[in-house]
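[1] heads up, no residue letters with this:
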């Protein structure tokens, strides 16, 4: 078994290649569980384009990133806090923003339909991804993740390693009456993050004690003439964070993260049947672009990353008829995240996001260089998926019921 075989799965290019292969298998009528109706893609693209026009009439769409979710009641809560903070230098702010983005994204798996966060500072409430973002922001601002009482805006490895589930439950206002799905998985993930940061000071502690924000320095060191390709962000994240994911596949001792088996994906090596998706890691890669650029690094090749294999994007294609279940009764069943039906859905989502991006741009009259996939997602497919879900289901939830450990959906 070769480590190079495993490493071949740890890139955005591998996600794209294998997702497109499964899409072609589906178009050939050979993919179990799913049927693809590309004739319905133009209507879905028009729906996404109209959603973008309504949300961003001037088409000034920001990148799909966690930072969008720190806006509540029209106020950008993190930017306001960061702008009134005296930073030692741009890198200090970059490390803090990496700390916040990494911990917040790792806490951003599906919350379930019953949970809400009531923000004590603004008096406003939010649910799902936005609610998780505000709750994680308040947790960070209060210094709960810091080991230095005089420097609350940081997340230290040793604090994360000892984080108790009760602390997280309190911060997220979780209770039997305000049920947060996967709470134990989220707490364990942050503890594993802390342990990994301590174990890899070469990545997490180059210029400070080990902390997630240390990856700012690791990525800055990989920039050439202040230019850094976006796929490199993902590759560093996959190396740095690979060991934190619980109960996942590995090859040659290399943890594969968000990578799953599907019988329709064939190879003649040890990667046979394996489909990498790396949803949270790519979401995080998109979210680290802005702090890097603010720190003086020009992030390029942004379309080298892929769309995200999550239920809003996947729900868009299912609710708008681009994807159909071969057995409609599967919509009523509960599925494990590693089931071939779910793996196929997620991979098809990635491939179809590539397919829908250009028709959306054509409708908007924009060029790919000005409107990369990161803007299509934000403007965009994610928001359109949420609208489609509300039209299709009273609770606006996902179209399929997936058993999640809090680290995938």
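    Thanks, I have it. Everything quoted here is computed from the prediction, not taken from an experiment.

[2] Which secondary structure state is assigned to residue 321?
    coil (DSSP: H, G, I helix; E, B strand; the rest coil).

[3] shouldn't it be in contact with residue 39?
    No. Using CB atoms under 8 Å, residue 321 is not in contact with residue 39, being 9.4 Å away. Glycine gets a C-beta too; all of them are placed from N, C-alpha and C.

[4] When these two are compared, which one has more neighbours?
    More crowded of residue 321 and residue 39, by other CB atoms under 10 Å: residue 321, with 13 against 9.

[5] What separation is there between that one and residue 43?
    According to CB to CB, to the nearest Å, residue 321 stands 8 Å off from residue 43.

[6] pLDDT of stretch 301-309, averaged?
    Stretch 301-309 shows an average pLDDT of 97 in the prediction.

[7] Which parts of that stretch count as buried, going by neighbours?
    302, 303, 304, 305, 306, 307, 308, 309 (16 or more other CB atoms under 10 Å).

[8] Which residue lies closest in space to the second one, excluding its sequence neighbours?
    The shortest distance from residue 303 to any residue that is not its chain neighbour, by CB to CB, 6 or more residues apart in numbering, is 4.8 Å, and that residue is residue 372.

[9] In this structure, where is pLDDT below threshold?
    Applying pLDDT under 70 to the chain flags residues 1-3, 110, 405-407, 409.

[10] the strands in it, which residues?
    34-36, 71-72, 75-76, 116-118, 125-127, 227-229, 250-251, 254-255, 259-261, 274-276, 298-300, 323-325, 334-336, 401-403 (DSSP state E).

[11] So which of the ones you listed is the most surrounded?
    Ranked by mean neighbour count under mean count of other CB atoms under 10 Å, these are led by strand 274-276, which reaches a mean of 26.

[12] Of the buried residues of stretch 301-309, which pair is most distant in space?
    Of all pairs drawn from those, the greatest distance, 17.9 Å, lies between 302 and 309 (CB to CB).

[13] Same list, the buried residues of stretch 301-309, but as JSON lines with distance to residue 124 please.
    Output for these, formatted as JSON lines (distance: CB to CB, whole Å):
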{"residue": "302", "distance to residue 124": "32"}
{"residue": "303", "distance to residue 124": "35"}
{"residue": "304", "distance to residue 124": "37"}
{"residue": "305", "distance to residue 124": "32"}
{"residue": "306", "distance to residue 124": "33"}
{"residue": "307", "distance to residue 124": "30"}
{"residue": "308", "distance to residue 124": "26"}
{"residue": "309", "distance to residue 124": "30"}
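
[14] Tell me what residue 401 is bridged to.
    When assigned by DSSP bridges, residue 401 has beta-bridge partners residue 334.

[15] Quick one: residues contacting it.
    333, 334, 335 (CB atoms under 8 Å, 6 or more residues apart in numbering).

[16] on that earlier part again, the residue nearest to residue 303: neighbour count?
    21.

[17] Quick one: residues contacting it.
    63, 302, 303.

[18] Number of residues surrounding the closest residue in space to residue 212 that isn't next to it in sequence?
    Nearest non-adjacent residue to residue 212, counting by CB to CB, 6+ apart: residue 102, 4.1 Å away. The number of residues packed near residue 102 is 26, by other CB under 10 Å.

[19] One more: the one 4 residues further on?
    Applying the criterion other CB under 10 Å, we find 25 residues in the vicinity of residue 106.

[20] The spatially closest residue to it that is not a sequence neighbour: neighbour count?
    Nearest non-adjacent residue to residue 106, counting by CB to CB, 6+ apart: residue 189, 5.3 Å away. Residue 189: 25 surrounding residues under other CB under 10 Å.

[21] swap in residue 132?
    Based on other CB under 10 Å, the number of other residues close to residue 132 is 25.

[22] Tell me how many other residues crowd residue 84.
    7.

[23] Can you tell me how far it is from residue 100?
    15 Å.

[24] And for residue 392?
    In terms of CB to CB, residue 392 sits 34 Å off from residue 100.

[25] which one of the two has more residues nearby?
    For residue 392 versus residue 100, neighbours defined as other CB under 10 Å are more numerous around residue 100 (30 against 14).

[26] Look at the residue nearest to that one when sequence neighbours are not counted and say how many residues are nearby.
    Spatial nearest neighbour of residue 100, chain neighbours left out: residue 140 (5.1 Å); criterion: CB to CB, 6+ apart. Using other CB under 10 Å, residue 140 has 24 other residues around it.

[27] Contacts only, for residue 140.
    Residue 140 neighbours (CB under 8 Å, 6+ apart): 99, 100, 103, 104, 153, 155.

[28] again, 10 Å this time
    Residues near residue 140 by CB atoms under 10 Å, 6 or more residues apart in numbering: 78, 81, 96, 99-101, 103-104, 146, 152-155, 171.
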